[in-house]
Structures are given as structure tokens and as C-alpha cells.
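Novice: coords please:
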Amino acid sequence: MPPALQRPIHILQIDAHLDFVDIRHGVRHGHGNPMRRAAERAHVAGITALGIRNVSSTARDGYEAARAMGDDFLSVRQVRKLGTDAVVGRIPEGARIYMTIDIDGFCPRSRPAPARVARRLSLLRGARDPAGRRPAPRGRGHRPRRVAPDYDQTGGTAILAAQLLLNTLGFVFHARGPWRRRLNMAVTMPMAETAPARPLAAALWMVGSISGFTLLSISGREIGKALDTFEMMFYRSLIGTVAIVVFALATRRTGLISHRHLGLHFLRNAVHFAGQNLWLHALALIPLAQLFAIEFSSPLIVALAAPFVLAERLTPARALAVALGFCGVLIVAQPFGQASLSPGVLSALGSAFSFAATAILTKRLTRRVPVLSILFWLAAMQSAMGLVTAGWDGAIALPHGPVLGWVLVMGLAGLGAHVGLTKALSLAPATVVTPMDFLRLPIIALVGMSLYGEPLDAMVFAGGAMILGANWLNIRAARAGARSVATAAS
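Specialist: Purely as a prediction, here's the structure:
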């Protein structure tokens, strides 16, 4: 099987029945088993089932197993209550979709030839809507199921199937851009590579992102005189939670926030919480430029760990990037200098490893849940973690006066910085955006010099340049690998 076809897919199942039976009467591969067997495949990242109406072929244990394995299923009423946009938003953004449609997903009047007639009206009165309103779908397959041609006396069911196939393909290719180019290059290249790049818009978003990270650092320095790191994280996360909830309510996207995979959410957010506290601790101990230079080593740690936790190949180019980045970290940290590995440097290194682990866990989560749900649980869970850790000693300092203003700046600046970076990456390739992000290092060095009298250390800049160069090499290698996969598939 070509490498491009081995990448994870997400199944969109439109059906009246869950079809999640494990074994019944010794049968493992019957009408009631296909989605259970699919969920057991390594390349199936998740299943979203729409239109499920009762237990039928799947008993309670099947439903419980589907929930435990990460299935997300909605009844007809739930689909109509949430609306198309909210339902489509429950499918992980950027997922490679395989859509399977059972004939009983349609109103019986429109499909006279099912293998077994369903008596209740079903989900797809307007079948074009889910496909038509999803921006830039990345379909990987489409299969209508369970039709008995002998019962199709008028040919109506066959016409329905043909219309569905044509409409779905039409929506997919229309969303993907010029049809000639898409047909020539097949359907294996990610959308970020085919959508027209908007570097100027990406640059404007990166200005906001860099400004946000800079304000986050300044506010952390100012607040550190009055609050400890746990209290800072509590207030920052609380502000983030309020902002995300207001946004979800204002845009009517609360349906995107689900309780699926809470265990994975908790693990990711606990690691990120530890990394943020280590970062804030280092912020008060070492120069800003040194902290940012060490933080930039996080993507290289991800590249080194990816073969073990994400089954990604460590190519020679990536190995060279990791080695170059490690040398840069040694130059920045100066472990053999007079100061050796100070507590501030150790905290910065710990935060870099924590952020790398967070990135890996985030990559696993984005295959299963929407980004808005990830952000909500990040802020909500870290608010709870901050409350517990800040109140561990029985006292939580309340911000007041200028400190309260800096707390608001920290909460909004941190959220805005990540939104800006994410938006920029959606508008232009990483090879365009990442060099802009690297501007954070010289900018923060100038801020540290002008506001806090920190010297411009040549060793920090030399090591930082090596780390940034290693990141650039890693991105170029990943881009070249994506091009070779697309060429092989076409």
C-alpha cells in the first residue's frame, strides 16, 4: 500500500444503526459488525456516526464499547438541534474523511430499494448539506451501502445514489480549487499545500502573535513580584476560559465543545501546565533572550521523539537538524561555563521538553476533536489545576492595582499570541510563517535590554541562530517529504 494511503482516516458514518457488534452467534464480519471492525484498524483515527436512532443491531454493550473507543454518534434529533455547522465541527479539522452512507439514512420515500425497509423517517432529507457546508473537505472515500437492485423497479434508488456521488464529488472539488489541478494531483495532498497562500495576511497575524508573546513575557516579569507562578496560571487560565466561552456563545459554536477523550485532554493539559509554570519560573531568573532561545528547541525535541510516539520516520535531514539544535542549546545554556546549569536554565529546558510533549499530545488530539474543544479544556482544566496548586498553602493572593492590569494583559496576550500563530499557519506555509516567528528572539532581546538592562550576549545569539537554523532545516525536510509522498501517490 502506498505511504499516502497508510495515513490515518476519519470515518463519517451516516446510518440509522451503529453497526458496532463485536461477535454475535460466532459471526465477526456480518451486517452488524463493520464499524466495530473498522474502529479496530490502526489507520482509523475516529468515527463520527450521524442519524443513529435505536439499539437495533447493536446492544448496550456495543454502544458502551463505541464510546470507550472514541466514537462520536448523534441521533437525528441531536443533528437537527445542533445544526449542520456544529455537527460538521465535531469532525476533527483537517481529517482525511472516508464517508459511508447506509441507505436507511434517507427518507424511505426517496429510496425504494433498501435490503430491509426502515419504517421511520431518517436523517438525510437534504443530503447535500453536510458535504456542501464543510469548508475544504479532504475526502478519501465514499460508499453508499445496503441496496437491493431487484427492488428498485423505477430506478429511483440508483438515481439517488448517482446524485449523491456526483454532488459529493462536486462539493469536494469545488472546495479544493481549480478542478484540473486537483484531478492531476489526485486527492492526497493536504489542503494547506493547495490553498492559495496569503503571506501578507499571515505576516499581519504574526505581528499580533509576536506582540502577544512579548507582552506575555513583560507581564510575567511584572506580575512575578506579587504573584507566584501557580497564581499567575490560575488567573491567566480563568481569563482564557471566559474568553473562549464568550466566543463560542457569540459564534454559536458551543456544539464543538465535547467531553470526548477527557483523559487525553487531562494528560496534555497537565504536561502543559507544568511547562508553563517552569517557563514562568525561568522568566524571573534568566535573560529573556536566553529563555526564548531555549524554548525554540521544543520542535526539535518533537522531531526526535516522533519516531517513538507517533510512528514517524527520523530521516537523515531531521537527525542532522536535531544534532544542530542540540549544539545550539549547549551554546545558549553554557553548561560548562562559570554559571554552569543554573536553576533558571534547568527550568527553561524543562519547559521546552514539556512543550514538546504537549505538541505531540496535541497532534493526537487534533485527529479526534475540534480545535475549539481543545482550547476550552486547556483553559478550563488549567484553571482548576491553578486553583488547587495556588491554594495548596491555604492562601491565594488577589491581584489589585497595576498588578490586576498586568494579569488581564497576560491572559489576553497569551490567548491572542496562539490565535495569531495558528491563523498565520492557516494562511501561509510553515516555511513562510516560521522565519517570522523566529523574529521573537531578537525582538525580545531588545526588550530585555531596554526595559531590564539585560546585556546582548553573543553566545545566546550564536546558539539561537543554530537552533533557528535547525528548525528551518527540519521544516524543509518535512516539506520535501510531503512533496515526495504526493508525487508517488499521483
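Novice: Run through the stretch 351-490 of the chain and note the low-pLDDT ranges.
Specialist: Scanning the stretch 351-490 of the chain for pLDDT under 70 picks out the ranges 367, 425-426, 429-432, 434-435, 477-490.
Novice: which residues in it form strands?
Specialist: In the stretch 351-490 of the chain, no segments count as strands under DSSP state E, counting those that start in this stretch.
Novice: Spit out the contact partners of M410.
Specialist: M410 makes contact with L215, L216, S219, G220, I223, M232, Y235, R236, I239 under the criterion Cβ atoms under 8 Å, 6 or more residues apart in numbering. (Glycine included, C-beta is placed from N, CA and C.)
Novice: make it 7 Å
Specialist: Counting by Cβ atoms under 7 Å, 6 or more residues apart in numbering, M410 makes contact with L216, S219, G220, I223, M232, R236.
Novice: And I9, by the same measure?
Specialist: I9 sits next to H43, V44, A45, R96, I97, Y98, R140 when contact means Cβ under 7 Å, 6+ apart.
Novice: Which helix or which strand is home to the residue nearest to G255 when sequence neighbours are not counted?
Specialist: Of all residues not flanking G255 in the chain, A86 sits nearest, at 3.0 Å (Cβ to Cβ, 6 or more residues apart in numbering). Using DSSP states H and E, A86 sits in helix 84-89.
Novice: In this structure D102 contacts H31, no?
Specialist: No - the criterion here is Cβ atoms under 7 Å, and D102 misses it with H31 at 9.9 Å.
Novice: These two: which is more packed in?
Specialist: Between D102 and H31, counted using other Cβ atoms under 10 Å, D102 has the larger neighbour count: 25 against 15.
Novice: This protein - how does it break down into domains?
Specialist: If you go by automatic domain parsing, the domain ranges for the chain are 3-191, 199-489.
Novice: Look at A45 and tell me its secondary structure.
Specialist: Following DSSP: H, G, I helix; E, B strand; the rest coil, we place A45 in the strand state.
Novice: That one is in contact with A39, isn't it?
Specialist: No - taking contacts as Cβ under 7 Å, A45 lies outside contact range of A39: 10.0 Å.
Novice: contacting residues for the residue nearest to G255?
Specialist: Contact partners of A86, counting by Cβ under 7 Å, 6+ apart, are R253, G255, L256.
Novice: still on that earlier bit, between the domains of the chain, which gets the lowest average pLDDT?
Specialist: With a mean of 66, domain 3-191 has the lowest mean pLDDT of those.
Novice: in the stretch 151-300 of the chain, which spans are helices?
Specialist: 156-176, 179-184, 191-194, 199-223, 229-250, 262-283, 288-295, 298-309 (DSSP state H, counting those that start in this stretch).
Novice: winner for burial among these?
Specialist: With neighbours taken as mean count of other Cβ atoms under 10 Å, these reach their highest mean count in helix 288-295, at a mean of 26.
Novice: where does that helix sit relative to the chain's centre, distance-wise?
Specialist: Relative to the chain's own centre, helix 288-295 is displaced by 25 Å; criterion: Cα atoms, centre = their mean, to the nearest Å.
Novice: angle of that helix against helix 199-223?
Specialist: Relative orientation of helix 288-295 and helix 199-223, computed by axes from the mean of the first three to the mean of the last three Cα atoms, to 10 degrees: 120 degrees.
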